[in-house]
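Trainee: Requesting a structural model of the entry that follows:
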Amino acid sequence: MKLRRGAALALILILDGCAATHPVWLIAAPVSSDFPAGQADAPLSKWARIRGYDYLDDCKSRLLDAQNRLQRPVTCVAVDNPQLKNN
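Mentor: Numbers count the residues shown, from 1 in each chain. Have a look, this model is predicted:
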């Protein structure tokens with residue numbers, strides 16, 4: 001469990017820049033136990049939340065950079081998406 005939290009924290013620290021104060025959109029990536037793709041088939045509630053953005057366009061504009069840095073698939077997800085809630 002501590003390894004997952006450490007991995008999620010490392011993912012957050014990899015990307016530079018400031019996070020939004022009250023983000024509406026998140027870049028999310030699968031947790032990294034299966035390199036390089038991570039557990040892409042895991043539910044969104046298990047994905048690491050990398051960074052928040054106020055606008056979808058801002059989130060989308062950072063996806064390629066995030067994917068290149070993390071070497072795994074990433075996506076933009078609305079913070080109110082019910083799939084983000086733990087099951």
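
Trainee: Which residues in the helix or strand containing Asp65 does the neighbour count mark as buried?
Mentor: Assessed by DSSP states H and E, Asp65 sits inside helix 56-70. Using 16 or more other Cβ atoms under 10 Å as the test for burial, helix 56-70 gives Asp58, Cys59, Arg62, Ala66, Arg69, Leu70. Where C-beta positions appear, they are placed from N, C-alpha and C, glycine not excepted.

Trainee: which among those residues gets closest to Trp25?
Mentor: For those, the residue nearest Trp25 by Cβ to Cβ is Cys59; the value is 4.0 Å.

Trainee: ok, that closest one touching Leu26?
Mentor: Yes: between Cys59 and Leu26 there is a contact under Cβ atoms under 8 Å: 7.4 Å.

Trainee: Cys76 sits in which helix or strand?
Mentor: For Cys76, the host element (DSSP H and E) is strand 75-78.

Trainee: show me where the chain has strands.
Mentor: With strands called from DSSP state E, the chain shows them at 25-29, 48-53, 75-78.

Trainee: All set, thanks.
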